[in-house]
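Q: Turn this into a structure:
(one chain, ligands or ions: 1)
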Amino acid sequence: MRGSKALVPTEPLKIDRQARRKRRAISFLVSAMNRSNRTDHIRITSHPEPHGKTRYPIHWGAPSARERGPVIGTVSRQGDRNAIGSHGGSYALYRALAVSSGALDPIRRPDLTNTHPAVTIPQVAQWSEPGRIVSLDPWGHLVADVFKTQIAEGVDIRPTIAITKARLDLNEMQNAIVHGRLKVDGDLVHANGSIAVSKIAIDPVWYLPGIAHRFGCSETTLRHTLFEQTAGMFPELVTRPDLHVFLPPIGGTTIYMFGDVEKLSDSTTKITCRVHDECNGSDVFGSDICTCRPYLIHGIEECARAAQQGGLGIIVYNRKEGRALGEVTKFLVYNARKRQEGGDAASAYFERTECVAGVQDARFQQLMPDALHWLGLRRIDRLVSMSDMKYDALVGQGIAVVERVPLPDELVPADAHVEMAAKKAAGYYSPELPQDDSAASVGRSLDKY
Ligand SMILES: [Zn+2]
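A: Coordinates of the predicted model:
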């Protein structure tokens, strides 16, 4: 697959020896540090209990939340923990700052009164199908109810999914109403042009054996790589082979649902869906070097229309800025593209990214279908995306795609033709006959802003 370098499983015997060495080294790393909430000592890592039993075992893939068990990433009651890492994704670091500054009590637990989901996502077979969902907790939105006894007893169990309602107020949708593409119906599309949606925030919860399987490597290799590439941030990846769930410090996913969510249970419901990877520059600020916001907005309009026609519209928004390489890398690449000999050209579009980042793309769509599996989708009628990687990931994991909806040419911004030409040449879906105009597309230079 373009942009992804295959992860080669390391020879198992060697891994075991390395693992033992690392575990030994880490166990000596207990040191006195600043005052924490309970003790003057910081415990760098934990090790499996001698009898090999965790208090709250996780049976990933079990048919109910109770049988699966709660995912506990608490930092206040070490003995309860059954996951590596802590809650909140990348925001765990801000929580640490809040504690450091004295603004937050480190042992405070959330009061979950009235936080339960505003709409019901029907439980589906996919929640417990082996290997189907590996990067989120299918019961993450229900923990306050299912585990209320344990929570009342003081166990720090936190939701990893939250479901609420919203209105979207977008100029482009008002435009769509003016031009007759959307109609005010007083229910989904309101008189002022705002659109009613349900929105779902999902924090990542990784089941490591399942993640390793998706990437074609051993769990041991995955654990060691995660340990090393975060500079030892999570020693339990190495010292706790009995813990298989990891709460990674990365951004999550937001789902925007258009239409009656209960229609998810009806397999004949027509589904329109865009899976969108974050692009702050375009999505929020309207930067014209790429097609992200125009495609997102086009997707929102398609989703609203689908809902008005009795179907369901679904936007899945993943925090994977700059192809999951980050915005600094992305802006460096922009400069490298603009300053290269001959100017910004489609023919060298992917090459420039690889020069800076070492890979063309780190989004690895292998995990992307999980949110759609969670919604119970086996088919998408209209996929609002031209990405071959997204399409391949969906179809490869058993979600049929009936129709692919390309971005209309008139919505491609001025400076984004380089990106579009490069992507089409590399395999992006396009209903036109394939033509290689990648050599002809040249973008704006840095002195033309
Ligand atoms: Zn973009």
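
Q: Tell me where this structure has strands.
A: In the chain, the strands defined using DSSP state E lie at 31-32, 41-42, 84-85, 161-168, 195-202, 206-207, 245-247, 253-258, 271-277, 312-318, 379-383, 400-404.

Q: So which of these is nearest the ion?
A: The ion sits nearest to strand 271-277 of all the strands of the chain, at 8.5 Å, using C-beta to the ion. In this view, the C-beta of every residue, glycine as well, is placed from N, C-alpha and C.

Q: if you average pLDDT over the closest one, what comes out?
A: Computed over strand 271-277, the mean pLDDT rounds to 98.

Q: For the closest residue to residue 418 other than its chain neighbours, what are phi and psi?
A: Of all residues not flanking residue 418 in the chain, residue 443 sits nearest, at 4.1 Å (C-beta to C-beta, 6 or more residues apart in numbering). Main-chain torsions, residue 443, degrees, to the nearest 10: phi -90, psi 180.

Q: closest one to residue 103 among the strands of the chain?
A: strand 41-42 (20.6 Å; C-beta to C-beta).

Q: What pairs with the closest one, parallel or antiparallel?
A: Within its sheet, strand 41-42 is paired with strand 31-32 (antiparallel), according to DSSP bridges.

Q: Around the ion, which positions in this protein sit nearby?
A: Residues of the chain lying near the ion by C-beta under 5 Å from the ion: 279, 282, 290, 292.

Q: out of the residues you listed, what pair is the most spread apart?
A: Pairwise across the residues of the chain next to the ion, and taking C-beta to C-beta, the largest span is found between 279 and 290, at 6.2 Å.

Q: which ones are touching the residue in the stretch 51-200 of the chain that the ion sits nearest to?
A: In the stretch 51-200 of the chain, the residue that lies nearest the ion is residue 172 (16.5 Å; C-beta to the ion). Residue 172 is in contact with 297, 300-301, counting by C-beta atoms under 8 Å, 6 or more residues apart in numbering.

Q: Residue 242 too?
A: Residue 242 sits next to 48, 52, 54 when contact means C-beta under 8 Å, 6+ apart.

Q: same check, this time on residue 249
A: 85, 89-90, 92-93, 230, 233.

Q: hmm, 7 Å instead?
A: Counting by C-beta atoms under 7 Å, 6 or more residues apart in numbering, residue 249 touches 85, 89-90, 92.

Q: TSV for the residues you listed, including neighbour count?
A: Output for the contacts of residue 249, formatted as TSV (neighbours: other C-beta atoms under 10 Å):
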residue	neighbour count
85	25
89	20
90	13
92	15
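
Q: now for the residues you listed, which pair is the farthest apart?
A: 85 and 90 (11.1 Å).

Q: Verify the contact between residue 110 and residue 157 for me.
A: No - the criterion here is C-beta atoms under 7 Å, and residue 110 misses it with residue 157 at 9.7 Å.

Q: For these two, indicate the residue with more neighbours.
A: Neighbours were counted for residue 110 and for residue 157 using other C-beta atoms under 10 Å; residue 157 has more, 23 against 13.

Q: what's near enough to touch the more buried one?
A: Counted by C-beta under 7 Å, 6+ apart, residue 157 has contacts 70, 72, 143, 147, 150-151.

Q: For it, give its distance to residue 82.
A: According to C-beta to C-beta, to the nearest Å, residue 157 and residue 82 sit 10 Å apart.

Q: overlap in contacts of these two?
A: Common neighbours of residue 157 and residue 82 (C-beta under 7 Å, 6+ apart) are residue 72.

Q: any chance of the contacts of residue 242 in TSV, plus neighbour count and distance to residue 375?
A: TSV is the format used below for the contacts of residue 242 (neighbours: other C-beta atoms under 10 Å; distance: C-beta to C-beta, whole Å):
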residue	neighbour count	distance to residue 375
48	14	36
52	7	36
54	18	30
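
Q: burial count for residue 82?
A: 20.

Q: pLDDT score assigned to it?
A: Per-residue pLDDT puts residue 82 at 97.

Q: ditto for residue 246
A: Residue 246 is given a pLDDT of 98.

Q: With residue 449 instead?
A: At residue 449, the pLDDT value in this model is 82.

Q: Run a quick neighbour tally on the closest residue to residue 68 other than its chain neighbours.
A: Spatial nearest neighbour of residue 68, chain neighbours left out: residue 62 (4.0 Å); criterion: C-beta to C-beta, 6+ apart. Burial measure for residue 62: 14 neighbouring residues, criterion other C-beta under 10 Å.

Q: Same question for residue 403.
A: Neighbours of residue 403 (other C-beta under 10 Å): 10.

Q: nearest residue to it other than its sequence neighbours?
A: Residue 403 sits nearest to residue 382 (C-beta to C-beta, 6+ apart), 5.1 Å away.

Q: How many neighbouring residues does that neighbour have?
A: 22.

Q: Tell me what it is bridged to.
A: Going by DSSP bridges, residue 382 forms beta bridges with residue 272, residue 403.

Q: before we move on, back to that, same list as before, the strands of the chain that is, but in JSON lines and with distance to residue 114 included.
A: Putting the strands of the chain into JSON lines (distance: least, C-beta to C-beta, whole Å) gives the following:
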{"stretch": "strand 31-32", "distance to residue 114": "42"}
{"stretch": "strand 41-42", "distance to residue 114": "36"}
{"stretch": "strand 84-85", "distance to residue 114": "28"}
{"stretch": "strand 161-168", "distance to residue 114": "11"}
{"stretch": "strand 195-202", "distance to residue 114": "17"}
{"stretch": "strand 206-207", "distance to residue 114": "29"}
{"stretch": "strand 245-247", "distance to residue 114": "25"}
{"stretch": "strand 253-258", "distance to residue 114": "21"}
{"stretch": "strand 271-277", "distance to residue 114": "30"}
{"stretch": "strand 312-318", "distance to residue 114": "25"}
{"stretch": "strand 379-383", "distance to residue 114": "34"}
{"stretch": "strand 400-404", "distance to residue 114": "39"}
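
Q: any idea how far residue 48 is from residue 202?
A: From residue 202 to residue 48 the distance is 29 Å (C-beta to C-beta).

Q: want to try a markdown table for the contacts of residue 249, with pLDDT as columns?
A: Shown next, in a markdown table, are these (pLDDT from 0 to 100):
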| residue | pLDDT |
| --- | --- |
| 85 | 96 |
| 89 | 89 |
| 90 | 91 |
| 92 | 93 |
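
Q: about what we covered before: quick one: which of the strands of the chain is nearest residue 117?
A: strand 161-168 (3.7 Å).

Q: which residues touch the closest one?
A: In contact with strand 161-168 (C-beta under 7 Å, 6+ apart) are residues 117-119, 121, 140-141, 194-202, 300.

Q: closest to residue 43 among those?
A: Nearest member of the contacts of strand 161-168 to residue 43, counting by C-beta to C-beta, is residue 140, at 26.9 Å.

Q: Count the residues that sit near the closest one.
A: Around residue 140 there are 21 residues (other C-beta under 10 Å).

Q: How about residue 391?
A: Neighbourhood size, residue 391 [other C-beta under 10 Å]: 21.
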